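Colleague: here is the input, now give the coordinates:
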Amino acid sequence: MIKRVSGEQWLAFGIILLGLFMASQLQDISNDAGYAGVGPRFFPSLVITGLIVAGGALLMQRRHRNGPDTVLSDGENDAEQLEAEEDANRGEADWRMFAIASGSLIAHMALIGLIGFTLAGTLLCFGVCRALETRRPLLDLVLSFLLALGLFHLFKWLGLNLPALITGGVL
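Modeller: Residues are numbered from 1 along each chain as shown. Got it, this is the predicted structure:
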């Protein structure tokens, strides 16, 4: 019996391939301008490592859940039954949540040059909170701002220049 590759497995393979592609492009980043021991390849390397590890974890999770070799003895009816059970356990996709989170990311990328890292990051974090339907929007907004502001100053301390709302300012 031929085993069917699930959507989760395709997603895992895609994430791993994306990480490997990014790793192949990493050499194109000049390593000459290092900042206090942290070079320009450091953060992309973290992202690449995270992608490959996440893809591998997704593959392992899928394998662990179904067993290493799920072979059905009674033929096609069992395969259809197993697929129906997986679909029932998976639930429906929440496209509204996906649209809000994706829109927040796109807005962040479009606005970062205009309103600076801190405010664009605040919009991104707050948008993800809204997509996840958290119960305290005011607290989410304050914490999103504080997180983005903290990251801005961390990057500034590391010597990385991020777009600011006011040139030379703290935002």
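
Colleague: nearest residue to the middle of the chain?
Modeller: Note on the chain: the residue nearest the mean C-alpha position is Leu51, at 8.2 Å, using C-alpha atoms, centre = their mean.

Colleague: was I right about that residue contacting Leu17?
Modeller: No - under the criterion of C-beta atoms under 8 Å, Leu51 is not in contact with Leu17, lying 9.4 Å apart. For the C-beta atoms, the positions are set from N, CA and C on the backbone; glycine is no exception.

Colleague: residues of the biggest helix by length in the chain that come out buried?
Modeller: The residue-count maximum for a helix in the chain (DSSP state H) belongs to helix 95-131. With burial defined by 16 or more other C-beta atoms under 10 Å, the residues of helix 95-131 counted as buried are 100-101, 104, 108, 112, 115-131.

Colleague: show me what that helix is packed against.
Modeller: helix 137-157 (3 or more C-beta pairs under 8 Å, 6 or more residues apart in numbering; DSSP states H and E).

Colleague: chain center to the helix it packs on: distance?
Modeller: Using C-alpha atoms, centre = their mean, to the nearest Å, the mean C-alpha position of helix 137-157 is found 18 Å from that of the whole chain.

Colleague: roughly how far apart are Ala107 and Ile15?
Modeller: In this structure, Ala107 and Ile15 are 24 Å apart, going by C-beta to C-beta, to the nearest Å.

Colleague: so which strand or helix has Gly159?
Modeller: Secondary-structure assignment from DSSP states H and E places Gly159 in no helical or strand segment.

Colleague: near it, how many other residues are there?
Modeller: For Gly159, the neighbour count with other C-beta atoms under 10 Å is 11.

Colleague: could you check how far it is from Asn31?
Modeller: 15 Å.

Colleague: same check on Leu165?
Modeller: According to C-beta to C-beta, Leu165 stands 31 Å off from Asn31.

Colleague: which of the two has more residues huddled nearby?
Modeller: Just comparing Leu165 and Asn31: by other C-beta under 10 Å the higher neighbour count belongs to Leu165, 14 against 11.

Colleague: the residue nearest to the more buried one when sequence neighbours are not counted: what's it in contact with?
Modeller: If you skip the residues right next to it in sequence, Leu165 has Gly116 as its closest partner in space, 3.6 Å away by C-beta to C-beta, 6 or more residues apart in numbering. Under the criterion of C-beta atoms under 8 Å, 6 or more residues apart in numbering, the contact partners of Gly116 comprise 162-166, 171.
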